[in-house]
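In: With the sequence up front, the predicted model follows.
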Amino acid sequence: MNLEKMGDYKNTIQHAKNEAREEGRVEGHKEGKEEGRLENQILTAQNMYSKGFDYKTIADILNVKEREVKKWLKSKG
């Protein structure tokens, strides 16, 4: 392999590494936001339940299935 091809190869490898790193960062950011959103919904459901809201009303307001609300409240309760 001549020096020019070697340089191209190294640039290609570095570019691929940089793209993979950025994809990983973006994916991790998305996962973190989703986890935060879910945790916020669970906390909201707990607060609403403690104020007397029933499972169905909580589910309707949070736009989730009633069984999810029940699962959240039983797992945290």
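Out: Noted; the coordinates are in hand.
In: Could I get the full set of strands for the chain?
Out: Using DSSP state E, no strands are found in the chain.
In: So in it, which helix runs the longest?
Out: helix 3-50 (DSSP state H).
In: and that helix, what does it pack onto?
Out: Of the remaining helices and strands, those touching helix 3-50 by 3 or more Cβ pairs under 8 Å, 6 or more residues apart in numbering; DSSP states H and E are helix 55-62, helix 66-76. Where you see a C-beta, it was placed from the backbone N, CA and C, and this is true even at glycine.
In: Buried residues, the last one. List them.
Out: Along helix 66-76, these residues count as buried under the neighbour rule (16 or more other Cβ atoms under 10 Å): 68, 69, 72, 73.
In: just the shortest one next, same as before
Out: Of the residues in helix 55-62, those scored as buried under the neighbour-count criterion (16+ other Cβ under 10 Å) are 55, 58, 59, 62.
In: Let's see the pLDDT reported for the second one.
Out: Put plainly, it is residue 58. We note a pLDDT of 97 for residue 58 in this prediction.
In: just the last one next, same as before
Out: Taken from the predicted model, the pLDDT recorded for residue 62 is 96.
In: how far away is it from residue 38?
Out: In this view, residue 62 and residue 38 are 11 Å apart by Cβ to Cβ, to the nearest Å.
In: thinking again about what came up before, would a markdown table of the helices and strands packed on helix 3-50 with distance to residue 15 be doable?
Out: Below are the helices and strands packed on helix 3-50 laid out as a markdown table (distance: least, Cβ to Cβ, whole Å):
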| stretch | distance to residue 15 |
| --- | --- |
| helix 55-62 | 43 |
| helix 66-76 | 42 |
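In: Which of those sits closest to residue 49?
Out: The stretch from the helices and strands packed on helix 3-50 with the least distance to residue 49 (Cβ to Cβ) is helix 66-76; that distance is 5.6 Å.
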